[in-house]
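Student: Predicted structure and sequence below. I'll ask about it afterward.
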Amino acid sequence: MSVKLTLGVSLKMYFGYQQTLDWSRQVAEIVRQHPLLSACPQATLFTFPSAPVLEGTLRAFDGTAMQVGAQNIAPAEPGAWTGETSAAMVSEMGGKFVEIGHAERRRHFHEDEAVICRKVQLALENGLTPVICIGEPEKMAIDSATAYAIQEADQIIHFLQQHALTGELIFAWEPQWAIGAPQPASPDYIQSVCAGLRAHLSALPGDHRVIYGGSAGPGLLTQLWPHVDGLFLGRFAHQPAAMQAILDEAHTLLAHVENKERA
């Protein structure tokens, strides 16, 4: 199956050290045995642990399809940046992905587009795939939200073109107004914005994917497919059984897609 399904998980700062290792080892066993990866070898799985547990998480997932990355990198080359982690170190350790531009980083650490673009640049220069979080801060009409997402993506792509950089970009779209809200964005809203963003990116050179980065539970991937390339999961996936459920759903969904194509 040639479908490029993408499923990612951020553990944020919810887990302690040992809890992260326990989760990683349990999920590694699930991933190692799951039929999704045999049926869809192009599927991309990644997880972002807290920085102190990066090495242990890499060891736990060694030999599985689950890739590991960092929740953040410094917007600078290695040097006098106390408390920061360089893209070079993440890559040296074996990390393959990095999360950039989450709404929390923008809001609480005042990361602007210049910082985000610089981090994306450093990620690509060090062989990391950036997972770039984008999304409108306030609720908008679908057309306006789509235009906002396209503008955010274009700023980054234009910056990379200026620096003669190419590489795979994963855009994790989630409207900021829906984060922690009693009522998340509706499936219709998500489908429309992601479909519009994907259509725009497909006309540009490069390998770009769009995944939905909001609150996700059972059935959402099926509701959104094929308007998204996958999901960027949060607290729902912090239970290993929930990861099993998401992989099961993805396997069932892609088997259905394959059967339809054959028919």
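Tutor: Perfect, thanks for sending it.

Student: what about the strands in this structure?
Tutor: With strands called from DSSP state E, the chain shows them at 6-10, 44-48, 66-70, 97-100, 129-134, 169-173, 208-212, 230-233.

Student: Just put the ones you listed in TSV and tack on mean neighbour count, mean pLDDT and distance to Glu261.
Tutor: C-betas here are computed from N, CA, C, even on glycine. Formatted as TSV, these follow (neighbours: other CB atoms under 10 Å; pLDDT from 0 to 100; distance: least, CB to CB, whole Å):
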stretch	mean neighbour count	mean pLDDT	distance to Glu261
strand 6-10	24	97	20
strand 44-48	24	98	20
strand 66-70	24	98	27
strand 97-100	26	98	29
strand 129-134	26	98	27
strand 169-173	26	98	24
strand 208-212	23	97	20
strand 230-233	26	95	19
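
Student: Of all those, which one is nearest Arg32?
Tutor: strand 66-70 (8.9 Å; CB to CB).

Student: Distance from that closest one to the middle of the chain?
Tutor: 10 Å (CA atoms, centre = their mean, to the nearest Å).

Student: Can you give the strand pairings for that strand, parallel or anti for each?
Tutor: Strand pairing for strand 66-70, using DSSP bridges, gives strand 44-48 (parallel), strand 97-100 (parallel).

Student: export the strands of the chain to CSV and tack on distance to Gly196?
Tutor: Output for the strands of the chain, formatted as CSV (distance: least, CB to CB, whole Å):
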stretch, distance to Gly196
strand 6-10, 18
strand 44-48, 22
strand 66-70, 27
strand 97-100, 22
strand 129-134, 13
strand 169-173, 10
strand 208-212, 10
strand 230-233, 17
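
Student: which residues of this structure score low on pLDDT?
Tutor: 1-2, 263 (pLDDT under 70).

Student: residues near Ala185, how many?
Tutor: Neighbours of Ala185 under the rule other CB atoms under 10 Å: 22.

Student: so what's it closest to, chain neighbours aside?
Tutor: For Ala185, ignoring the flanking residues on the chain, the nearest one in space by CB to CB, 6 or more residues apart in numbering is Ala178 at 4.6 Å.

Student: Near that neighbour, how many residues? Count them for me, please.
Tutor: 20.

Student: Next up, the contacts around it.
Tutor: Ala178 makes contact with Pro184, Ala185, Gly214, Ser215 under the criterion CB atoms under 8 Å, 6 or more residues apart in numbering.

Student: now swap in Gln244 and tell me
Tutor: Counted by CB under 8 Å, 6+ apart, Gln244 has contacts Ile30, His34.

Student: Including distance to Leu204, could the strands paired with strand 66-70 go into CSV?
Tutor: Converted to CSV, the strands paired with strand 66-70 look like this (distance: least, CB to CB, whole Å):
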stretch, distance to Leu204
strand 44-48, 20
strand 97-100, 19
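
Student: Those: which one's closest to Gly127?
Tutor: strand 97-100 (10.4 Å).

Student: quick one: contacts of that closest one?
Tutor: Here strand 97-100 makes contact (CB under 8 Å, 6+ apart) with 8, 10, 46, 48, 67-73, 87, 90, 116, 119-120, 123, 128-133, 170, 172.

Student: What's the local residue count around Val228?
Tutor: A count of nearby residues for Val228, using other CB under 10 Å, gives 26.

Student: To Arg106, which of the strands paired with strand 66-70 lies closest?
Tutor: Counting by CB to CB, Arg106 lies closest to strand 97-100 out of the strands paired with strand 66-70; the figure is 10.4 Å.

Student: Can I get that closest one as CSV, trimmed to CA atoms?
Tutor: Extracted as CSV, the C-alpha positions of strand 97-100 are listed here (Å, rounded to 0.1, in the frame of the first residue of the first chain):
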residue,chain,number,x,y,z
PHE,A,97,11.8,14.6,13.9
VAL,A,98,11.4,17.8,15.8
GLU,A,99,8.3,19.7,16.9
ILE,A,100,8.4,23.4,16.0
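
Student: which residues does Cys194 contact?
Tutor: Neighbouring residues of Cys194 by CB under 8 Å, 6+ apart: Trp173, Val210, Tyr212, Leu224, His227, Val228.
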